[in-house]
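*Asks:* requesting a structural model of the entry that follows:
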Amino acid sequence: MTDATGSPIRVLIVNDSPTSRLALRLALASEPSMRVVGEAATGAEAVAFVTRDGAQEVDVILMDVVMPELDGYGATRAIMQVKPTAILLVSAVVSPRDADVALEALRAGALAVVELLPAPHEASFEVRRQGLLALVRSAAKARLRRLGTAASPATAAPARPGKKPPYEVCGIVASAGGPPVLIDVLSRVPPTFPPILVVQHLGRGFLESFARWIHSTTGKTTEIAQAGVPLARDTVYLPQENLHLGVDERRRILTSSAPPVDGFRPSGTFLLRSLAAAYGPAALGIILTGMGRDGASGASLLRAAGGTVLVQHEEDCVVFGMPRAALELGAADEALAPIAMAPWIR
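*Replies:* All right, here's what the predicted structure looks like:
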């Protein structure tokens, strides 16, 4: 795959480790649709490379998190303010400080976090390399501009007539570009809102920092889900790492090590499917920006059970993949800008 002009995807590698830069360069070398156009050892060098007059055009940046002079957060923010570019964080997160920096970079506009590739001799290397290449291809197509506020309900399946029962639970699914949108939506729902279960695709090592970040920015109680616990109002529940999150027939938290769904564990489809079974018409599902199709099949089941499904409008998505997949299945009641979701719910 090449970009929209038929040219190779131009990649900038930013990492203070020469070994890591070499590993990433070699991982991309055999892919004819991609071309490494430069390397930088610090965030400051990356900003200069992208924003200076006459700079080489860059489609995707593979950005380290912790670097001297300017870390991944500062570099992402500076680039997105001057010359918005698709940024993927590539890091081996080993400390809460690193995770906090990465989350701030996501808030500033980075699309996703991916772990550093293992050594080439390890069994998982080629699978992980192909995953990175797929992410770079998707990132190169991302919509990078100021979010709008207009919605176009005509892109969604017609909303069914009749008054909905009060929602008793909400499930939200998000992936690339999702963290800042998720924060925006959570900040706008009232404190009396029912429990909210969230599947946000993140790399390993971010769970605790992500929970703290949601609580500090929205004021909502945020918990790592524990199996068998009753759900509480005005509380956000996050899945444990590498476990599905849902609810059981008693409407208590369900965690599961079942196989990944559509390549994901935790899976948005697993979550929405469980809400359909346990709550039916009293469940609300929301699918935000993200690559792939996660959540679409679950949304279809939820809507068939009488529940309500909202998706993020295309004009407001960084990556429209997941909302588009739900719309293609006829699984959405409305397509809305994030700013319009809370008023619509109320």
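*Asks:* how about the helices in the stretch 1-150 of the chain?
*Replies:* Here the stretch 1-150 of the chain has its helices, by DSSP state H, counting those that start in this stretch, at 18-29, 43-51, 72-82, 96-108, 125-140.
*Asks:* try the stretch 201-346 of the chain
*Replies:* According to DSSP H, counting those that start in this stretch, the helices that the stretch 201-346 of the chain contains are 207-218, 268-279, 296-304, 321-328, 338-345.
*Asks:* so what's the closest residue to Pro96 other than its chain neighbours up against?
*Replies:* Nearest non-adjacent residue to Pro96, counting by CB to CB, 6 or more residues apart in numbering: Ser209, 5.7 Å away. C-beta: built from backbone N, CA, C; applies to glycine. Shown in contact with Ser209 (CB atoms under 8 Å, 6 or more residues apart in numbering): Pro96, Ala99, Asp100, Ala102, Leu103.
*Asks:* low-scoring stretches of the stretch 201-346 of the chain, by residue?
*Replies:* Within the stretch 201-346 of the chain, no range satisfies pLDDT under 70.
*Asks:* so among the contacts of Ser209, where is pLDDT lowest?
*Replies:* Lowest pLDDT within the contacts of Ser209 is found at Pro96 (70).
*Asks:* surely it is in contact with Glu208?
*Replies:* Yes. Taking CB atoms under 8 Å as the definition, Pro96 is a contact partner of Glu208 at 6.7 Å.
*Asks:* I'd say Pro338 and Cys317 touch.
*Replies:* No. Pro338 is beyond contact range of Cys317, at 9.6 Å (criterion: CB under 8 Å).
*Asks:* mutual contacts of those two, please.
*Replies:* Leu288.
*Asks:* any idea what sits nearest Glu328, other than its immediate chain neighbours?
*Replies:* Leaving aside its chain neighbours, Glu328 sits nearest to Ala296 (7.5 Å; criterion: CB to CB, 6+ apart).
*Asks:* contacting residues around that neighbour?
*Replies:* Ala296 neighbours (CB under 8 Å, 6+ apart): Thr269, Ile287, Met322, Ala325, Ala326, Glu328, Leu329, Ala331.
*Asks:* from those, which would you call buried?
*Replies:* Thr269, Ile287, Met322, Ala325, Ala326, Leu329, Ala331 (16 or more other CB atoms under 10 Å).
*Asks:* closest to Val60 out of those residues?
*Replies:* Nearest to Val60 among these: Met322, at 19.6 Å, using CB to CB.
*Asks:* look up how far Ala112 lies from the closest residue to that closest one other than its chain neighbours.
*Replies:* Distance criterion CB to CB, 6+ apart; nearest residue to Met322, sequence neighbours excluded, is Gly290 at 3.9 Å. Using CB to CB, to the nearest Å, we find Gly290 at a distance of 9 Å from Ala112.
*Asks:* mutual contacts of the two, please.
*Replies:* Ser175, Ala176, Gly177, His201.
*Asks:* a markdown table for those residues, including secondary structure and neighbour count?
*Replies:* A markdown table is the format used below for the shared contacts of Gly290 and Ala112 (DSSP: H, G, I helix; E, B strand; the rest coil; neighbours: other CB atoms under 10 Å):
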| residue | secondary structure | neighbour count |
| --- | --- | --- |
| Ser175 | coil | 27 |
| Ala176 | coil | 27 |
| Gly177 | coil | 28 |
| His201 | coil | 21 |
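*Asks:* can I get the residues you listed in TSV including distance to Gln81?
*Replies:* Shown next, in TSV, are the shared contacts of Gly290 and Ala112 (distance: CB to CB, whole Å):
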residue	distance to Gln81
Ser175	24
Ala176	20
Gly177	17
His201	25
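*Asks:* can you list the buried residues in stretch 74-91?
*Replies:* 74-80, 85-91.
*Asks:* sorry, slip of the keys, the one I care about is stretch 251-258.
*Replies:* Neighbour-count burial for stretch 251-258 flags Arg251, Ile253, Leu254, Thr255, Ser256 (criterion: 16+ other CB under 10 Å).
*Asks:* for Leu182, give its distance to Ala142.
*Replies:* With distances taken as CB to CB, Leu182 is found 17 Å from Ala142.
*Asks:* re earlier: so which of the buried ones among the contacts of Ala296 comes closest to Thr19?
*Replies:* After measuring these against Thr19 - CB to CB - the closest member comes out as Met322, at 34.7 Å.
*Asks:* got a ChimeraX select line for the buried ones in the contacts of Ser209?
*Replies:* The buried subset of these, as determined by 16+ other CB under 10 Å, is captured in ChimeraX by this line:
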select :99,100,102,103
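*Asks:* dump the contacts of Ser209 to JSON lines, plus distance to Leu197.
*Replies:* Listed next are the contacts of Ser209 as JSON lines, based on distance: CB to CB, whole Å:
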{"residue": "Pro96", "distance to Leu197": "24"}
{"residue": "Ala99", "distance to Leu197": "21"}
{"residue": "Asp100", "distance to Leu197": "24"}
{"residue": "Ala102", "distance to Leu197": "23"}
{"residue": "Leu103", "distance to Leu197": "20"}
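*Asks:* which one of the buried ones among the contacts of Ala296 sits closest to Ser17?
*Replies:* Met322 (32.9 Å).
*Asks:* and that closest one, what does it touch?
*Replies:* Taking CB under 8 Å, 6+ apart as the criterion, Met322 is in contact with 173-175, 268, 287-296, 311.
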